[in-house]
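Chemist: structure for this input, please:
(chains A, B, C and D)
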Number of protein chains: 2
Amino acid sequence: MSSKPKTRTVPEETIYSDAPSAALHPLLSVDTIIFSVIGGRLNVLLVKRAFIPGKELSYPFQGKWALVGGLLDTKRDASLEDAALRRLLEKTNLRSPYLEQLQSFGNALRDPRKWAATVVYFALIAAEGLQLQSGTSVEEVRWWPIDDAVKLKLAFDHSHILEVALHRLRSKVEYTTLPANLLPAEFTLSELQAIYEIILGRSLDKSSFRKRVLSADFVDEARNVRKGPNRPAQLYRIKPGRNAVVFPRTFYS
Amino acid sequence: MSSKPKTRTVPEETIYSDAPSAALHPLLSVDTIIFSVIGGRLNVLLVKRAFIPGKELSYPFQGKWALVGGLLDTKRDASLEDAALRRLLEKTNLRSPYLEQLQSFGNALRDPRKWAATVVYFALIAAEGLQLQSGTSVEEVRWWPIDDAVKLKLAFDHSHILEVALHRLRSKVEYTTLPANLLPAEFTLSELQAIYEIILGRSLDKSSFRKRVLSADFVDEARNVRKGPNRPAQLYRIKPGRNAVVFPRTFYS
DNA sequence: GGAATAGTGTCTATTAGACAGTATGTC
DNA sequence: GACATACTGTCTAATAGACACTATTCC
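Modeler: Predicted coordinates:
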């Protein structure tokens, strides 16, 4: 996904701008919010910022929990999304199959060092069998149940960003098939329904849920069934290229 | 809305980063896409980049049409949104009552000078009675009918950005009350329906449209009526704080 | 009264939700 | 057969769309 930038770089002083001081660049970073459902609860992936004694001014919020991210590196990142994927991999050893852009945040005060902007991505992934691993400048990586995470005082304005992401997630659950990404490639409709119920925080009628999902035409029957101590359940998989279909209505009840 | 940044600025060389070359900053700009319905057609506001002889390298795409925007100025802009509003005012003399963030775009190749990212906002406004005025580095400002605008080769990746914005607009029209922002403060339901029909490119049933809008509870009856050579029409205004209500269903027909 | 647009009433088709009932596996 | 969960069928209520009808103004 990465490729070497090919731009000719014009020396900064010569870049024409109608602003008086274009050389006063802001910092630009990327952050990624990864959600997963683990043990029946919605979780978010956070990293604890390393302690680097003597660098408190230039590396703030030491020891604080934060979203996964970091400064953009124009030498190594071909695009914003590349940057987010690279940071995710570097800091947590995780590869996300896709990223959706949430929003950008930028102002003079969110970073104690200087004017800073961040482009935030988010993704839903199946947590099963993932190998997390603390990477660069990270003391610890772990999943936080969402109810605990929102009570933390995260680094920078990350608590605020998390709230925005949660709001977006909850609203998208109402009318899209996005949450299917929280499951492994093959899943049963009951498993999918459980995911919806966890995120929405209320139960849904089985019959309408199935009608809704099947008529949205975004899953294919898989070959196999899920065995258990009861009637086996048909497995489904997301149709290729359909990972966020929009339902024509929201859930009622 | 602007306030003076209060951050203490740490010299760049001392900013700790886990990236090897944090000093290689990308350019950060903001761009704004303003839509309006004029003469029964959807229009977008574009500016023509000035000719500045001898500055072709440092000020690219001279003479090309572009979205309204420019580099961020950390001295003058307290936030990304402030920056977008300031550029809009500077370059076109327009004040937008609100801005919605569309998306950010950033990669190594979209700007010939260097790695560049832009945070893009969009807004729908009522065009009537607006005084456009070409500002800084702008040779011309004007409304372009959308069908013509998409055929232009805009500066940078602005043609691509315009397509993304159009897609977002058309999809939001299906299930939100956003298009009401294209009308002046007071409007009739017939006028609102006409706006929806223009953007959707198809006609809607009057009865269902009215039921839908009124039951969404986002307009209040105004005092006045709109007079004409026929039965006068009730005027409505958007309820305070309700400028983008979501309908529980999309339009069918 | 005629023209024109505003606004309403009624019927139908669709469908979400409720909920009971049936199906199919394990033990 | 008991059980557990998968899956389906039927009824009801809500409502979007179609479309005809009425209302109110200017001329």
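Chemist: on contacts alone, who are the packing partners of the longest strand anywhere in chain A?
Modeler: Longest strand of chain A, by residue count under DSSP state E: strand A:27-38. Contacts defined by 3 or more CB pairs under 8 Å, 6 or more residues apart in numbering or on different chains; DSSP states H and E place strand A:27-38 against strand A:41-49, strand A:68-71, helix A:80-92, strand A:116-124, helix A:158-175, helix A:189-200. Just so you know, the C-beta spots here come from the backbone N, C-alpha and C atoms, and that holds for glycine as well.
Chemist: compile the ones you listed into JSON lines and extend it with columns for mean neighbour count, distance to B:Glu163 and mean pLDDT.
Modeler: Putting those into JSON lines (neighbours: other CB atoms under 10 Å in any protein chain shown; distance: least, CB to CB, whole Å; pLDDT from 0 to 100) gives the following:
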{"stretch": "strand A:41-49", "mean neighbour count": "21", "distance to B:Glu163": "32", "mean pLDDT": "96"}
{"stretch": "strand A:68-71", "mean neighbour count": "25", "distance to B:Glu163": "28", "mean pLDDT": "94"}
{"stretch": "helix A:80-92", "mean neighbour count": "23", "distance to B:Glu163": "18", "mean pLDDT": "95"}
{"stretch": "strand A:116-124", "mean neighbour count": "25", "distance to B:Glu163": "20", "mean pLDDT": "97"}
{"stretch": "helix A:158-175", "mean neighbour count": "17", "distance to B:Glu163": "22", "mean pLDDT": "95"}
{"stretch": "helix A:189-200", "mean neighbour count": "18", "distance to B:Glu163": "31", "mean pLDDT": "95"}
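Chemist: pLDDT on the longest strand of chain A, on average?
Modeler: Taken as a whole, strand A:27-38 has an average pLDDT of 96.
Chemist: and what of stretch A:141-155?
Modeler: Averaging the model's pLDDT scores along stretch A:141-155 yields 97.
Chemist: first-to-last residue distance for that stretch?
Modeler: End-to-end span of stretch A:141-155 (CA to CA, to the nearest Å): 14 Å.
Chemist: ok, stretch A:200-212 next?
Modeler: 16 Å.
Chemist: get me the contact residues on chain A for DNA strand D.
Modeler: Proximity of chain A to DNA strand D (CB under 7 Å from any atom of the strand) is limited to residues A:188-190, A:206-207, A:210, A:225, A:228-234.
Chemist: and the residue of the stretch 101-250 of chain A nearest chain B?
Modeler: Using CB to the nearest CB, A:Ala108 is the residue of the stretch 101-250 of chain A that sits closest to chain B, at 3.1 Å.
Chemist: and that residue, how far is that from A:Lys114?
Modeler: The gap separating A:Ala108 from A:Lys114 is 8 Å, by CB to CB, to the nearest Å.
Chemist: what's the answer for A:Pro184, then?
Modeler: The value you get for A:Pro184 to A:Lys114, if CB to CB is used, is 43 Å.
Chemist: domain-wise, how is chain A divided?
Modeler: Under the assignment automatic domain parsing, the domains of chain A span A:25-173, A:176-238.
Chemist: now, of those, which is deepest in the fold?
Modeler: domain A:25-173 (a mean of 19; mean count of other CB atoms under 10 Å in any protein chain shown).
Chemist: does DNA strand C sit close to that domain?
Modeler: No. Domain A:25-173 stays out of contact with DNA strand C when judged by CB under 7 Å from any atom of the strand, the minimum separation being 12.9 Å.
Chemist: related to what we said a few turns ago, quick one: distance of the longest strand of chain A to the chain centre.
Modeler: Here the centre of strand A:27-38 is set off from its chain's centre by 4 Å, with CA atoms, centre = their mean, to the nearest Å.
Chemist: who does that strand pair up with?
Modeler: strand A:41-49 (antiparallel), strand A:68-71 (antiparallel), strand A:116-124 (parallel) (DSSP bridges).
Chemist: got the angle for that strand vs helix A:189-200?
Modeler: In terms of direction (axes from the mean of the first three to the mean of the last three CA atoms, to 10 degrees), strand A:27-38 departs from helix A:189-200 by 130 degrees.
Chemist: any residues of the stretch 51-200 of chain A in contact with chain B? List them.
Modeler: A:52, A:55, A:57-59, A:70-80, A:82, A:90, A:101, A:103-109, A:111-115, A:117, A:119, A:136-137 (CB under 8 Å from any CB of the partner chain).
Chemist: sort out for me which of those are in helices.
Modeler: If you go by DSSP state H, those have A:80, A:82, A:90 in helices.
Chemist: closest one of the residues you listed to B:Phe156?
Modeler: A:Leu80 (14.9 Å; CB to CB).
Chemist: do you know how far that closest one is from DNA strand D?
Modeler: The gap separating A:Leu80 from DNA strand D is 37 Å, by CB to the nearest atom of the strand, to the nearest Å.
Chemist: setting the sequence-adjacent residues aside, check what's closest to that residue.
Modeler: If you skip the residues right next to it in sequence, A:Leu80 has B:Gly106 as its closest partner in space, 4.1 Å away by CB to CB, 6 or more residues apart in numbering or on different chains.
Chemist: now A:Val150
Modeler: Leaving aside its sequence neighbours, A:Val150 sits nearest to A:Leu162 (CB to CB, 6+ apart; 6.5 Å).
Chemist: the one you found contacts A:Leu42, doesn't it?
Modeler: No. Under the criterion of CB atoms under 8 Å, A:Leu162 is not in contact with A:Leu42, lying 11.8 Å apart.
Chemist: picking up where we left off before, can you lay out the strands paired with strand A:27-38 as CSV showing distance to A:Pro97?
Modeler: Formatted as CSV, the entries for the strands paired with strand A:27-38 read as follows, by distance: least, CB to CB, whole Å:
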stretch, distance to A:Pro97
strand A:41-49, 15
strand A:68-71, 16
strand A:116-124, 8
